[in-house]
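Asker: When you get a sec, could you give me coordinates for this:
(2 chains)
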Amino acid sequence: MVQINNAIRKLDKGALPVWYEIPLGGTLVSEGSTEYKTGGWRTKRPIWDPEDCSHCLICWIYCPEMAIQVKDGKITGIDTTLCKGCGICAQECPRDKAMTMAEGGDY
Amino acid sequence: MRKTIGLTGDGAAAEAMRQIDPDVVAAYPITPQTEIVERFAEFVAEGSVRTELVAVESEHSAMSACCGSSAAGARTITCTSSQGLALMHEVLYIAAGNRHPIVLINVNRTLSAPINIHNDQSDSLGSRDCGWIQLYCEGAQEVYDTVIQAVRIAEDPAVLLPVMVCLDGFVVSHNVEPINVLDDQEVKDFVGEFRPAYSLLDTENPVCLGNLTLPEYFFEHKYSQAYALEQSKGVIESVDQEFGAKFGRSYGIVEGYRLEDAEIAIVTLGSMVGTARAVTDELRSQGVKAGVLKIRCYRPFPIDEVVAALKNIKAAAVMEKALSPGAPGPAVFSDVLGALYHKGVHVNLISYVAGLGGRDVPARSIRRVYEHLEKIASSGRVDRILNYLDLRGWQ
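Answerer: Purely as a prediction, here's the structure:
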């Protein structure tokens, strides 16, 4: 694990590790993939309506990129550096207008 | 208590699995492996193992379930043959790349088409580049012993790679031999407890597995995996030696049979080794200096050991039950040739493809291979490199 952590630290600094510093099986012990900014992939964008939202957090659970921002159990917004526009949040949202998809990636 | 009982190769594998009592077995039945799963399912039903047996709908799912359970920190075993191994193919690479120490017992059977349920080694030899350790067994006792050793090899912290234990379908899998079975506790003590490097169920130490790895990292990732496979040779050797010291049977990664002063030799793997030994004994009684080199560990390929065993041989034939259509030579032949080139050693080497689709490889046919080698040894000239044993129309 020490070796893995050292390799991760090196990754964070931007220095590329040599082959014997690669973590076992490419395993990551950092916070998953949030270091990797997938916001640039977006061709559709989710529109969150705080008026209609019941804060059930289903979108937060389903979001594959940790893009739904939550504070004290309440949704506060969308991290546009992470949201890749997949639309799962809008698909899973049980309400009509709380989360909908709009054409275009730019906010 | 140790005991000697009659078991088939499949039965010996199932017995070893019962004693190992793995956490998870995910398998799909296919001829000639079926008896292993059948027997093991009985052990599960009667409660003599605590294993979670996952009855999957295909071999692709079997190997996928094995990867998942291994990632969760469970000791995992599966078994298959032929089309089943082919269907697992893409997941075999994932098991090795993610460093899952899974044990797979492969009962060698040919691949379609034409469809045929009988033995040759084209299934596992075709999977030689997946990054797995591959061990080929000569008989059922070796199957039993090797399955037990495989668990230790795979889970060794210096290895952490999947291991394929191969036995020839029907020839070994369905013939009954007297097998010395160890005491249950001896096997449990030998394999010990699985201590995974990480576990997806360990929520205190969360890990992210199966990550996208783009061009900046992929090459280094694959080389570290290949390096682990090369280095596993020492562990395969030491586990075999420890097994031998405790239980009196060890096999080595290669075995030379009557090779010390031999002039001609057959290099082969699996059940053909036994027949070649018998022919060698007969030729020796007639004054012919014949020998056999058995390759037990095919991946990692034992370059040093193969070259050391063959360096004084005048003519050698590599016999294997698989074709490599369009290649300069079949798989094992090419590897032996490559090993000799590594060390700058020249041996008059020929290839014999034999026994495809379950065609018997009897002693009289192996005798003809030795006769061919005698001609090459006395003339010093290789007449034909690629040869096909008992192929009608081939002369």
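Asker: Quick check: residue B:314 touching residue B:263?
Answerer: Yes - using CB atoms under 8 Å, residue B:314 is in contact with residue B:263, at 4.6 Å. For glycine as for every other residue, the C-beta is placed from the backbone atoms N, C-alpha and C.
Asker: hey, what's in contact with both of these two?
Answerer: Shared between the contact lists of residue B:314 and residue B:263 (criterion: CB atoms under 8 Å, 6 or more residues apart in numbering or on different chains) are residues residue B:377.
Asker: count of residues packed around residue B:92?
Answerer: Residue B:92: 22 surrounding residues under other CB atoms under 10 Å in any protein chain shown.
Asker: And it, which helix or strand is it part of?
Answerer: Under the criterion of DSSP states H and E, residue B:92 resides in helix B:82-97.
Asker: Next up, the contacts around the residue of the stretch 251-395 of chain B found nearest chain A.
Answerer: Proximity of the stretch 251-395 of chain B to chain A (CB to the nearest CB) peaks at residue B:300, 17.2 Å away. The contact partners of residue B:300, taken as CB under 8 Å, 6+ apart, are B:133, B:229, B:230, B:232, B:233.
Asker: mind redoing it with 6 Å?
Answerer: For residue B:300, the contact set (CB atoms under 6 Å, 6 or more residues apart in numbering or on different chains) comprises B:229, B:230, B:232, B:233.
Asker: which of those are buried?
Answerer: For the contacts of residue B:300, a neighbour count by 16 or more other CB atoms under 10 Å in any protein chain shown gives the buried set as B:229, B:232, B:233.
Asker: Could I get these in CSV, plus columns for secondary structure, pLDDT and distance to residue B:140?
Answerer: Formatted as CSV, these follow (DSSP: H, G, I helix; E, B strand; the rest coil; pLDDT from 0 to 100; distance: CB to CB, whole Å):
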residue, secondary structure, pLDDT, distance to residue B:140
B:229, helix, 98, 27
B:232, helix, 98, 25
B:233, helix, 98, 25
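Asker: Of the residues you listed, which is the nearest to residue A:37?
Answerer: Taking CB to CB as the measure, residue A:37 lies nearest residue B:229 of these, at 34.7 Å.
Asker: give me every residue that touches that closest one.
Answerer: Residue B:229 neighbours (CB under 6 Å, 6+ apart): B:131, B:161, B:300.
Asker: how about the second one, phi and psi?
Answerer: Backbone torsions for residue B:161, taken as degrees, to the nearest 10, come to phi -140, psi 150.
Asker: sec struct for the closest residue in space to residue B:335 that isn't next to it in sequence, please.
Answerer: Once flanking residues are discounted, residue B:335 sits nearest to residue B:301: 5.1 Å by CB to CB, 6 or more residues apart in numbering or on different chains. The local conformation at residue B:301, judged by DSSP: H, G, I helix; E, B strand; the rest coil, is coil.
Asker: Give me the three-state assignment for the residue sitting furthest away from the middle of chain B.
Answerer: Centroid-distance maximum for chain B: residue B:204 at 37.8 Å, with CA atoms, centre = their mean. Secondary structure, three-state DSSP: residue B:204 is coil.
Asker: do residue B:174 as well
Answerer: coil.
Asker: and it, how many neighbours?
Answerer: With other CB under 10 Å as criterion, residue B:174 counts 18.
Asker: Distance check, the spatially closest residue to it that is not a sequence neighbour against residue B:220.
Answerer: Excluding the flanking residues, the one nearest residue B:174 by CB to CB, 6+ apart is residue B:8, at 5.4 Å. From residue B:8 across to residue B:220, the span is 45 Å (CB to CB, to the nearest Å).
Asker: Give me the more crowded residue out of the two.
Answerer: Taking neighbours as other CB under 10 Å, residue B:8 and residue B:220 compare with residue B:8 leading, 23 against 18.
Asker: And the helices in the stretch 1-150 of chain B?
Answerer: Using DSSP state H, counting those that start in this stretch, the helices of the stretch 1-150 of chain B run over B:9-20, B:34-46, B:59-71, B:82-97, B:122-125, B:140-155.
Asker: Turn those helices into a markdown table, including distance to chain A and mean pLDDT.
Answerer: Output for the helices of the stretch 1-150 of chain B, formatted as a markdown table (distance: least, CB to the nearest CB, whole Å; pLDDT from 0 to 100):
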| stretch | distance to chain A | mean pLDDT |
| --- | --- | --- |
| helix B:9-20 | 23 | 98 |
| helix B:34-46 | 28 | 98 |
| helix B:59-71 | 9 | 98 |
| helix B:82-97 | 7 | 98 |
| helix B:122-125 | 23 | 98 |
| helix B:140-155 | 13 | 98 |
